[in-house]
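>>> Provided below are the primary sequence and the corresponding predicted coordinates.
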Amino acid sequence: MTTITADQIIAWIERYSIRIAEQKEFLTKLDSDIGDADHGANMNRGFQAVLAKKAELQGKDIGALLKIVAMTLISTVGGAAGALYGTFFLQASNVTAGKTELTPEEFVLVLEKGLAGIVLRGKAAIGDKTMVDALHPAVKACRRAIAANESLDQALAEAVAAAEAGLQSTIPLMARRGRASYLGERSVNHQDPGATSTFFLFECAAETLTGKQ
Amino acid sequence: MVGLVLVSHSRRLAEATVDLIKRTVGPDISIAAAGGVGDDRSELGTDALDIQEAILKVRSPDGVLVLMDMGSAILSAETAKDLVSFEMTDPLVLCSAPLVEGSIAAAVQIQIGSGLNEVTAAAQQGLTPKQEQLDDTAPQPEPARTDEEMLVPAKGTELAVTIRNEHGLHLRPAANLIRALAPFKATVQIENLSAKRGPIAAKSLVDLARLQVRQGDQIRFSIAGPDQESAICAINGLVHTNFGDNAASAAKVPPRVVPTTDEPFPVSAGIAIGQPIFLEQLEPPIPSYAVPDEPAAKIELEKLHGAINRAEKAFTSRFERLRTTLDPETVSILEAQRLILEDETIIADVGERVHHQHENAAQAWHTILTGLAEEQESVSDEYLRARAADFREIRSIVLNELREQTEKMVLPDNGANALLVCEELTPSLADTIGSTAIQGVLQLHGGPTSHGAILARALRLPSIGGAASAVDQIRRATYVAFDGEKGTLWIDPSPELRATIEAAQAASRSAFEAALSQSREPAKTKDGLLINIAANAGSREDVTSALRYGADSIGLFRSEFLFQKFDQLPSEEKQLSTYQDALAPFGSRLVTLRLLDIGGDKPLPFLTVPHEANPFLGVRGIRLLFQNPGFCRSHLRAVLRLAVDHEIRILVPMVTDHSELVQLRKLFEELHQELVSEKLPHKWPAPIGAMIETPSAAILAGQIAAECDFLSFGTNDLTQYVLCAERGNPALNLYADALHPAVLRICQPAIEAAQNRNISVSVCGEIGSDPEAVPILLGLGLRDLSVTAAAVPNIKALVRELDVSRIATRLAEKFDTFGTATDVREFGKEVVSKDPVGIK
């Protein structure tokens, strides 16, 4: 049976850190249209700090390493993304404490706890034009696929597709949370930056957690 | 003592607030600042660990109150609360009070030893004194949907929801729904459970309209397909925002005032009164031929697809052009109209009629769209009923695209006394309405010297421009009247006012009749000067008008207007025969023919220039001719051959300096030799003149005059170049006045240069048709005006009343004091009042 190792989780985080660095300008561009133009820079600051602690992550169990990721993000990102992504990984660390590998079933639980944490923290619902618009369908798609006994590869591929559709669905929406909600109608026709960085998180998961690195 | 923590994105703001409290309330308050990110916390942002640290610093068994600014500060504070709960059990409250006012109010309570509850309450009341003082309590926000109202999956992939939008799923929310679902593979069916209509596929606006979903109706979505989860999320999102119908009562939101120059402005003299007809309401006659078989049906449907594609393109470009100036409501209506164009159900229904009922494309399209409009009109909701107009508009747009080029548009039944309302009167539109009973043209945009304006004057069609801000009132009005000379617009005038307007209309018509009866006579001023009043023309119709209105000659023949009907480069023979045909009515009288003047705002489909950032400063006029040598030769040869039958003067547009005239003359010599060797009848030499329309040409008029036989001021372009104000830009209409002293001053030396060389100098811009300007132009020494043909009778009548030598003397005294166009116009009025001999 497929399992996800701690090293794979580290590879996922590392791949995501690199993706964020690559996409920093793009995220900032999206955020400058409807927000305060700091999402790319904030996320990059946080994940560069995570990358710097890579040596510290190695050899730890999954719960412990995710907790380091969470606390690093919380203390360095600076914007709402710090609290939200930090909460995601903090919740994830709570259900993986002491574990050195995860079954697909356990991994979905990690995602679901993370989603629940973000929803609780950000109080965003679907359709508010936030990261939840990408995260929620992705987690649900993953859960459905695993429940249907599909492979982890397949489940992650479906999660990526769902995240992307969710991301696209933010374009016509009017923001109801966060800085963009101050813009009201003018936030329509812009892609949400938080949903975009969430989509990258699932893309990186599909690239690193399924043996096809 | 309760501890206080202040969180801000800006560390400096948090620390400065702490300082404010210590100095205004007391130095002993237990208070800590948090915020800022980065190594020295100088960047904006918040950090939960930093907040946690601040909380621990001021912790007390009495509790800690945290105030924060907004956004991530709230999330970080909440995260910090979670984190701190592992180490601290003292009470902790996060409070929504405003940071500065709230923390001061809280500090005062802390100072007097109040408990956490009192401190928190004081913070929350922190804004009240200020609100009372300024009397500006915040408006109550609209109630949001509660979570219970969010839809819940009924069974599996079905969702039921109650529609809250005031007008139900009207055009805009329906359009939003279709657009949002378009990317998904899943099929989505919608059923109106309350009205027992449907289910239908959520792909067609028409089908959705047929569900007649009203406020309070319950509808059911059935979703099936590989990406159904995402589709459900998208629907959830839409429901959450009332399908993008922002205020559930969009109709109550007053429309945003579109920024324009606000006031309508005069375009073409005359008083018009009638029913407003929007351009979209003009439709071509519907052909009645039948479609006998399948191959013919296929051709019909291809024609229809072509027409829809063209309509869509036109729609998109109009939409893109206007989107920044329209209010959101109008934008969404335009978007919904575009969806009607793409509607699969309509296409299928039309196809059905063409295939099985043997109707042609126009007939079938007309039938289906009329049916939809009528269906829409039968519903009880007034707002929805009004949307029938959208279907009618789309019907007309596509029918017009299907129309054969040769067919004229027809007016609706009530068109006998109509005023046309359009964005801008274009040359092709003027051509189309020339033969209708249209009484006047209300342009929503346009400028006083735009080509639409020139055309309206040429047609003696009363017109005003800049009526965009009144468009909604015009749409609802039964009667509209306007004065094209003053720019006044009346909407639904009272019967008394209407009688007054009609009397004024009759008076101005009879004054014109009187002037017309005299207009074939020469125009001699009171002091005996003979003034040549010529007409501007661009077509055979204009030439006929010039004759009818008594013009002494054609002072400007715009050779490019005839070219607009060609879609490829006309040959020399074609050019010759076209000009011959247009000028035939004028016989051997003098015609000043301006060489093809394209570029700038007058592009032709076959002589295009690469995209220019600023076409008015680009390759136009003589520049364009020189850059297209092949075409230039054919054009000049056609002009020389035309000069056999007509007295032709050749006018060169967009001259910059005399070198262009030297080069042109050389080219004419060469072509003359060619024509001689080909034994083709032609006339050379012919008089060559320069348009003075660039500041450069005006400044160098002395050198230019030495190389040519006459000068002619193109005041429209000269004005835009001297004042740096694009013509046709309605926001700059104030600058569109050739009587501006800067323009007059740059003209004056050029007039003198022509007089010194004893060559003729004329004005062929629109200013010559302006009765206020005529005394000034004559006073400056001009003796040759070329005006709109229809203005010839009135201008001649006016000239006969002037004593030009007296005006010239006064003008010379005052000329240097003029600073604005208003000064010049004031002078005109002053001359009238103080010198009855000067101007009657």
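Received it, and whenever you're ready, just let me know what you need. Residues are numbered from 1 along each chain as shown, chains lettered A, B, ... in the order given.
>>> Quickly list what residue B:277 is bridged to.
The residues paired with residue B:277 through beta bridges, assigned by DSSP bridges, are residue B:420.
>>> which residues touch the residue of chain B positioned farthest from its centre?
When each C-alpha in chain B is compared with the mean C-alpha position (CA atoms, centre = their mean), residue B:61 comes out farthest, at 67.0 Å. Taking CB atoms under 8 Å, 6 or more residues apart in numbering or on different chains as the criterion, residue B:61 is in contact with residue B:90. Just so you know, the C-beta spots here come from the backbone N, C-alpha and C atoms, and that holds for glycine as well.
>>> and the gap between it and chain A?
Applying CB to the nearest CB, to the nearest Å, one obtains 27 Å for the distance of residue B:61 from chain A.
>>> so that residue is in which element?
Applying DSSP states H and E as the criterion places residue B:61 outside every helix and strand.
>>> Residue B:4 too?
Residue B:4 belongs to strand B:3-8 when elements are defined using DSSP H and E.
>>> That strand - contacts with which helices or strands?
Other elements packing on strand B:3-8 under the criterion 3 or more CB pairs under 8 Å, 6 or more residues apart in numbering or on different chains; DSSP states H and E are helix B:11-24, strand B:31-35, helix B:48-58, strand B:64-68, helix B:72-84, helix B:99-111.
>>> Now the ones you listed in JSON lines, please, with extra columns for mean pLDDT.
Below are those laid out as JSON lines (pLDDT from 0 to 100):
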{"stretch": "helix B:11-24", "mean pLDDT": "90"}
{"stretch": "strand B:31-35", "mean pLDDT": "93"}
{"stretch": "helix B:48-58", "mean pLDDT": "91"}
{"stretch": "strand B:64-68", "mean pLDDT": "94"}
{"stretch": "helix B:72-84", "mean pLDDT": "87"}
{"stretch": "helix B:99-111", "mean pLDDT": "88"}
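>>> Of those, which stretch is the most buried?
Burial of the helices and strands packed on strand B:3-8 is given as mean neighbour count (mean count of other CB atoms under 10 Å in any protein chain shown); strand B:64-68 ranks first at a mean of 28.
>>> Helix, strand, or coil at the closest residue to chain A within the stretch 1-150 of chain B?
Here the stretch 1-150 of chain B gets closest to chain A at one residue, residue B:45, 2.4 Å apart by CB to the nearest CB. Using DSSP: H, G, I helix; E, B strand; the rest coil, the three-state assignment for residue B:45 comes out as coil.
>>> so residue B:716 sits right up against residue B:738, yeah?
Yes: at 7.3 Å, residue B:716 and residue B:738 qualify as touching, with contact defined as CB atoms under 8 Å.
>>> between the two, what contacts are shared?
Both residue B:716 and residue B:738 are in contact with B:765, B:766, B:767, where contact means CB under 8 Å, 6+ apart.
>>> picking that back up, assign the residue nearest to the residue of the stretch 1-150 of chain B closest to chain A when sequence neighbours are not counted to helix, strand or coil.
Ranked by CB to CB, 6 or more residues apart in numbering or on different chains and with sequence neighbours excluded, the top spatial neighbour of residue B:45 is residue A:78, at 2.4 Å. Using three-state DSSP, the three-state assignment for residue A:78 comes out as coil.
>>> Same check on the one 5 residues further on?
Assigned state for residue A:83: helix (three-state reduction, three-state DSSP).
>>> That one and chain B, how far apart?
When CB to the nearest CB is the yardstick, residue A:83 and chain B sit 4 Å from each other.
>>> Surely residue B:307 is in contact with residue B:398?
Yes: taking contact to mean CB under 8 Å, the distance of 5.3 Å between residue B:307 and residue B:398 places them in contact.
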